[in-house]
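In: Quick one, structure for this:
(one chain, ligands or ions: 3)
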Amino acid sequence: MLMSSINVLLLGSTGSIGTQTLDIIRANPDKFRVSGLTANSNCTLLAEQIAEFRPPVAVIASEDKRAELIEKLAGRSPQTQILSGYDSVVDISRELSYDVLLNALVGFSGFRPTTEALKAGRKVALANKESLVVGGELLQKYTKDGISNLIPVDSEHSAILQCLIGEEGNAIEKLLITASGGPFRTLPLDQMAGITPERALKHPNWSMGAKITIDSATMMNKGLEIIEAYWLYHLPLHKIQAVIHPQSIIHSMVTFEDGSTKAQMGYPDMKVPIQYALTWPARIPLETPRMDFSTLRELTFEEVDFARYPCLKLALEAIDSGGFAPAVLNAANEIAVHRFLNREIPYIGIPKIVSEALLSVQPDSDITMEALVAADEETRAFAAQLSI
Ligand SMILES: NC(=O)C1=CN([C@@H]2O[C@H](COP(=O)(O)OP(=O)(O)OC[C@H]3O[C@@H](n4cnc5c(N)ncnc54)[C@H](OP(=O)(O)O)[C@@H]3O)[C@@H](O)[C@H]2O)C=CC1
Ligand SMILES: CC(=O)[C@@H](O)[C@H](O)COP(=O)(O)O
Ligand SMILES: [Mn+2]
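Out: Ligands and ions are numbered 1, 2, ... in the order given. Take a look at the predicted model:
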């Protein structure tokens, strides 16, 4: 039972996770308050959200959208301080008064806010898996005992967290991270070159932002999630395995040393892990379809074929190499996905760019936030000019 309301700073409020988080907050006005909202450039939706939730602070990261935001808001929430610029997103993560920061930014843009919040001893509910991919090693310094101040929103990592309740002190033999396999799980390999952005953006089970939807198709998403699990749950890599489960009903599983395997299930709905991350370790009611086992026909599983999903292999190699390799992997992937969506490169160009970047960009310094930012920039420049 929650005793008092939870003040949420929501970064990326206009995105897929951001809007679903606001649905949860709207449904529970006595349990949650909004401390701050941020968007990149969608000032129309941000203005509506500010008018509805009346937060003390809101940030539009694109400086040139500030005037438009204020015009659209038309004085509907005079108590909200309007800031602009990406640095303001980082600053409020460190300085604002709130109980939990929900990081629903996409890509590298989430890394600095997560780092600053954790460094300042704040609690972070993390959807932005890229924060841990880029900076897992650095962030270890700022996380307390395990995940008490860093709570996963990602459905697989939430599933693992739920499986681990009551298992303190019991050794884990394996984490099984489920993957849908994306829209091209059964496509003949010789047809991969012709995949269009429209087809790749049709995820079989989940409705999500564009970047993660392409990552799901290539299974880079599962690679990022294995790295995320590595830093969250502190297990050697050989104990973290991806398994294809096309129905996305089992969100992940944990096998213990006595051979018992726990699985967390539910129809695909991100509101479940978002709400759980906000209220953890408590649960509160949520209106979402309940599992109906009388209509559930099959739960199937397949091994991952690296020839079909080379991005997953690259991600495993990057975390095995350590150092800056995961940051290079992430930056190159972001640029490659962007170029694919812009029709500059074919679908099969995505792993080519990532692989070239991993071979070519090799920063050599201590891992600090500044060095990771520099590695990200260097890799982006490299990946943007690579001809495929
Ligand atoms: N969607 C899902 O179901 C799931 C998502 N995740 C993870 O959650 C994160 C968010 O994903 P998703 O909601 O799908 O992404 P979306 O693209 O839908 O939303 C991204 C949000 O971040 C803002 N944003 C984008 N770039 C910047 C930037 N450079 N500076 C500041 N703000 C920025 C966007 O603002 P604007 O709208 O103005 O562009 C938007 O509010 C990702 O890390 C993803 O991997 C994990 C599991 C499931
Ligand atoms: C909902 C969620 O957590 C996504 O990360 C999802 O897992 C993507 O689906 P894939 O299993 O296809 O990567
Ligand atoms: Mn996931």
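
In: Touching the host helix or strand of Glu71 from outside, list them.
Out: In the assignment (DSSP states H and E), Glu71 maps to helix 66-73. Identification of contacts with helix 66-73 by Cβ atoms under 8 Å, 6 or more residues apart in numbering yields Cys43, Thr44, Leu46, Ala47, Ile50, Ala51, Ala58, Ile60, Thr80, Ile82, Ser84. For the C-beta atoms, the positions are set from N, CA and C on the backbone; glycine is no exception.

In: Just those residues: which are in strands?
Out: Judged by DSSP state E, those include Ala58, Ile60, Ile82, Ser84 as members of strands.

In: for these, which one is nearest Ala179?
Out: Set against Ala179, the nearest of those by Cβ to Cβ is Ile60 (34.9 Å).

In: gap between the closest one and ligand 2?
Out: 27 Å (Cβ to the nearest ligand atom, to the nearest Å).

In: try Gly107
Out: Taking Cβ to the nearest ligand atom, one finds Gly107 at 14 Å from ligand 2.

In: re earlier: name the member of the ones in strands among the contacts of helix 66-73 with the most neighbours.
Out: Ile60 (30 neighbours; other Cβ atoms under 10 Å).

In: Contacts only, for that one.
Out: With Cβ under 8 Å, 6+ apart, Ile60 has these contacts: Thr38, Ala39, Asn40, Ser41, Cys43, Leu46, Arg66, Leu69, Ile82, Leu83, Ser84.

In: Pull the contacting residues for the second one.
Out: Residues counted as contacts of Ala39 (Cβ under 8 Å, 6+ apart) are Gly12, Ser13, Thr14, Gly18, Leu45, Leu46, Val59, Ile60, Ala61.

In: And the residue of the stretch 151-300 of the chain that's closest to ligand 3?
Out: Residue nearest to ligand 3 within the stretch 151-300 of the chain (Cβ to the ion): Asp154, separated by 4.3 Å.

In: The closest residue to that residue other than its chain neighbours: how many residues sit nearby?
Out: Using Cβ to Cβ, 6 or more residues apart in numbering and skipping residues adjacent in sequence, the residue nearest Asp154 is Lys129, 5.5 Å away. Residues near Lys129, counting by other Cβ under 10 Å, number 28.

In: distance of Lys129 from Lys123?
Out: 17 Å (Cβ to Cβ, to the nearest Å).

In: likewise Leu46?
Out: Counting by Cβ to Cβ, the gap from Leu46 to Lys123 is 24 Å.

In: what's the answer for Ile60, then?
Out: Counting by Cβ to Cβ, the gap from Ile60 to Lys123 is 25 Å.

In: And Leu189, by the same measure?
Out: 45 Å.

In: again, but for Gln264
Out: With Cβ to Cβ as the criterion, Gln264 and Lys123 are 22 Å apart.

In: before we move on, the earlier item: same list, the contacts of Ile60, but as JSON lines with pLDDT please.
Out: Compiled in JSON lines, the contacts of Ile60 are given as follows (pLDDT from 0 to 100):
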{"residue": "Thr38", "pLDDT": "99"}
{"residue": "Ala39", "pLDDT": "99"}
{"residue": "Asn40", "pLDDT": "98"}
{"residue": "Ser41", "pLDDT": "98"}
{"residue": "Cys43", "pLDDT": "98"}
{"residue": "Leu46", "pLDDT": "98"}
{"residue": "Arg66", "pLDDT": "98"}
{"residue": "Leu69", "pLDDT": "98"}
{"residue": "Ile82", "pLDDT": "98"}
{"residue": "Leu83", "pLDDT": "98"}
{"residue": "Ser84", "pLDDT": "98"}
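
In: Just the buried ones out of those, please.
Out: Thr38, Ala39, Asn40, Cys43, Leu46, Arg66, Leu69, Ile82, Leu83, Ser84 (16 or more other Cβ atoms under 10 Å).

In: out of those, which touch ligand 1?
Out: Ala39, Asn40 (Cβ under 6 Å from any ligand atom).

In: Make a markdown table from the buried ones among the contacts of Ile60 and add distance to ligand 3 to it.
Out: Formatted as a markdown table, the buried ones among the contacts of Ile60 follow (distance: Cβ to the ion, whole Å):
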| residue | distance to ligand 3 |
| --- | --- |
| Thr38 | 22 |
| Ala39 | 22 |
| Asn40 | 22 |
| Cys43 | 29 |
| Leu46 | 25 |
| Arg66 | 33 |
| Leu69 | 31 |
| Ile82 | 33 |
| Leu83 | 31 |
| Ser84 | 31 |
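
In: Spell out which parts of this structure neighbour ligand 3.
Out: Asp154, Ser155, Glu156 (Cβ under 5 Å from the ion).

In: Thr178 should be in a strand, yeah?
Out: Yes. Thr178: assigned to a strand according to DSSP: H, G, I helix; E, B strand; the rest coil.

In: what sits against the nearest residue to it once chain neighbours are set aside?
Out: Spatially, and ignoring its direct neighbours in sequence, Thr178 is nearest to His245 (4.0 Å; Cβ to Cβ, 6+ apart). Contacts for His245 (Cβ under 8 Å, 6+ apart) come out as Thr178, Ala179, Ser180, Leu299, Thr300, Phe301, Glu302.

In: Let's see that with 7 Å instead.
Out: Applying Cβ atoms under 7 Å, 6 or more residues apart in numbering, we find His245 in contact with Thr178, Ala179, Leu299, Thr300, Phe301.

In: pretty sure the third one is in a strand, no?
Out: Same thing as Leu299. No. Counting by three-state DSSP, Leu299 is not part of a strand but coil.

In: Tell me which residues touch it, please.
Out: Leu299 makes contact with His245, Gln247, Ile249, Ile250, according to Cβ under 7 Å, 6+ apart.

In: related to what we said a few turns ago, farthest pair in the contacts of helix 66-73?
Out: Ala51 and Ser84, at 17.8 Å, using Cβ to Cβ across these.
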